[in-house]
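*Asks:* What follows is a predicted protein model with its sequence.
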Amino acid sequence: ALLGSALLRRPAALGAAAARCAPARDSHGPPRQGHGRSKAASLHWTGERAVSVLLLGLLPAAYLCPGPAVDYSLAAALTLHGHWGLGQVITDYVHGDVPIKVANTGLYILSALTFAGLCHFNYQDVGICKAVAMLWSL
């Protein structure tokens, strides 16, 4: 929610067909006019990196000061990170219009259920931080 719905979409997947048809460019030179990456793709890439760095910061925070704020932040960041990761698997391995639509619909349903389940676990049970601490104490 903090990053916006535009970052949930995978613009690289939308331009994949056009990229296959575009002539290859020298990787050491600047992109030719009209063949560069879109601003949305750049923002998506930046968002992915920001969530990864956020996760790196949340892990020590979960250990040092566990609480509801960290639990819900972990739920959101882990769900978003997993959503983007599985989205790239779909982009790489699912082909055809109908299978891609079905896979993306399934991915959104899975991501929504994952986030709802983690929030329910945080609210009704011990929370992510305490659950991991309990597992480590075994």
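*Replies:* Received, thanks.
*Asks:* From now on I want contacts and neighbour counts done on CA atoms only, so please keep to that.
*Replies:* Noted.
*Asks:* mind listing what Tyr72 touches?
*Replies:* Tyr72 sits next to 119, 122 when contact means C-alpha atoms under 8 Å, 6 or more residues apart in numbering.
*Asks:* tell me which element it falls in.
*Replies:* Element membership of Tyr72 [criterion: DSSP states H and E] is helix 68-93.
*Asks:* per-residue confidence at Ser44?
*Replies:* No Ser there; residue 44 is His. Model confidence at His44, given as pLDDT, is 84.
*Asks:* which helix in this protein runs the most residues?
*Replies:* helix 97-124 (DSSP state H).
*Asks:* which helices and strands sit right next to it?
*Replies:* helix 68-93, helix 128-136 (3 or more C-alpha pairs under 8 Å, 6 or more residues apart in numbering; DSSP states H and E).
*Asks:* Out of those helices, which is the most enclosed?
*Replies:* helix 68-93 (a mean of 17; mean count of other C-alpha atoms under 10 Å).
*Asks:* Specify the local secondary structure of the residue nearest to Val70 when sequence neighbours are not counted.
*Replies:* Distances taken as C-alpha to C-alpha, 6 or more residues apart in numbering place Ala62 nearest to Val70, at 6.1 Å, with adjacent residues excluded. Secondary structure assignment for Ala62 (DSSP: H, G, I helix; E, B strand; the rest coil): helix.
*Asks:* Tell me the confidence at Ala62?
*Replies:* Ala62 is given a pLDDT of 88.
*Asks:* Low-confidence regions, this structure specifically.
*Replies:* Residue ranges of the chain with pLDDT under 70: 1-37.
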